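Could you look at this predicted model? Sequence included:
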Amino acid sequence: MKNYKNLNFKIFLTMALCVFSNKATSQTNEIINPKGKWFFGGEMGLNAIISVHPSRMTSFQAGLLAEYYFAKNWSVNGRIKYFETGVIHENNSTHGQFEGAVLSLPLNLIWKYRIIKNFSGNFKLGFALNQEIKSNYDYPSNEKTDYSKFYGSFNPGLGFNYFISDKTAVFMNYEVFILGNNRTENNMLKLTPNSPNNSLFNIGIKHDFLF
């Protein structure tokens, strides 16, 4: 897997500056209630593959989103995301490594709590359906590699949201994709699957295009 750490840092720094610049120049005294509105947008940021040890390989990730507020502080969010993933294969006597990439479709329920005016924190819970679009195995020749390329994973997270106006918001959050598609045989004594696990940091913008 390629390491895009320097490039990711530059991208993140540029986007962070844009976010805080917009925040500083677009303050509003009105408390915005987004209930009943649809927002569409995009996000990008860093991806750490936490199932590959000892190093946490980092790469670029991005996605598109749609979000509907069914209450002032509650929404449902659907996205399509691309990110790289991987896992160490561990058996009693053999080791190997899986490297891949997925298109992921996370669906989340989000609860937001106001911190000050139109700046809020949030927690989310959800489930993601993942389709591998790249699958590279460096396993011993006698080991299984025909694992399913389509699988689900648990997707919780937390973050912050700021409404620039009643139609536009910027946000940043941290989330994980875990507990899906076990890649190790004969591990009945393990409490959790040896699955491709990722932690993602996102920064993005969303807008209500509907009138």
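Structure received.

where in this structure is pLDDT low?
Within the chain, the stretches with pLDDT under 70 are 1-29, 53-57, 90-94, 184-192, 211.

Please, where are all the helices along it?
Secondary structure of the chain (DSSP state H): helices at 5-25.

Only the C-alpha atoms, please, for the longest strand seen in it, written as PDB.
In the chain, assigned by DSSP state E, the strand with the most residues is strand 95-116. Provided in PDB are the C-alpha atoms of strand 95-116 (Å, rounded to 0.1, in the frame of the first residue of the first chain):
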ATOM      1  CA  HIS A  95       1.400 -15.300   8.600                       C
ATOM      2  CA  GLY A  96       0.400 -13.300   5.600                       C
ATOM      3  CA  GLN A  97      -1.200 -10.000   4.600                       C
ATOM      4  CA  PHE A  98      -4.300  -8.900   2.700                       C
ATOM      5  CA  GLU A  99      -4.300  -5.500   0.900                       C
ATOM      6  CA  GLY A 100      -7.300  -4.100  -0.800                       C
ATOM      7  CA  ALA A 101      -9.700  -1.200  -1.400                       C
ATOM      8  CA  VAL A 102     -13.400  -0.900  -1.100                       C
ATOM      9  CA  LEU A 103     -16.400   1.100  -2.200                       C
ATOM     10  CA  SER A 104     -18.400   1.400   1.000                       C
ATOM     11  CA  LEU A 105     -22.100   2.300   1.500                       C
ATOM     12  CA  PRO A 106     -22.500   3.500   5.200                       C
ATOM     13  CA  LEU A 107     -26.000   4.300   6.600                       C
ATOM     14  CA  ASN A 108     -26.000   6.200   9.900                       C
ATOM     15  CA  LEU A 109     -28.400   7.500  12.500                       C
ATOM     16  CA  ILE A 110     -26.900  10.800  13.900                       C
ATOM     17  CA  TRP A 111     -27.700  12.600  17.100                       C
ATOM     18  CA  LYS A 112     -26.500  16.200  17.400                       C
ATOM     19  CA  TYR A 113     -26.200  18.400  20.500                       C
ATOM     20  CA  ARG A 114     -25.700  22.100  20.400                       C
ATOM     21  CA  ILE A 115     -22.400  23.500  21.900                       C
ATOM     22  CA  ILE A 116     -22.800  27.100  21.000                       C
END
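
helices and strands around it, which ones?
Other helices and strands packing on strand 95-116, by 3 or more C-beta pairs under 8 Å, 6 or more residues apart in numbering; DSSP states H and E, are strand 74-90, strand 119-138, strand 157-163, strand 168-177. For glycine as for every other residue, the C-beta is placed from the backbone atoms N, C-alpha and C.

Export those as a markdown table, with columns for distance to residue 32 and mean neighbour count.
Output for those, formatted as a markdown table (distance: least, C-beta to C-beta, whole Å; neighbours: other C-beta atoms under 10 Å):
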| stretch | distance to residue 32 | mean neighbour count |
| --- | --- | --- |
| strand 74-90 | 13 | 19 |
| strand 119-138 | 10 | 16 |
| strand 157-163 | 4 | 19 |
| strand 168-177 | 8 | 20 |
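
hang on, the earlier thing: name every strand pairing with the longest strand of the chain and say which way it goes.
strand 74-90 (antiparallel), strand 119-138 (antiparallel) (DSSP bridges).
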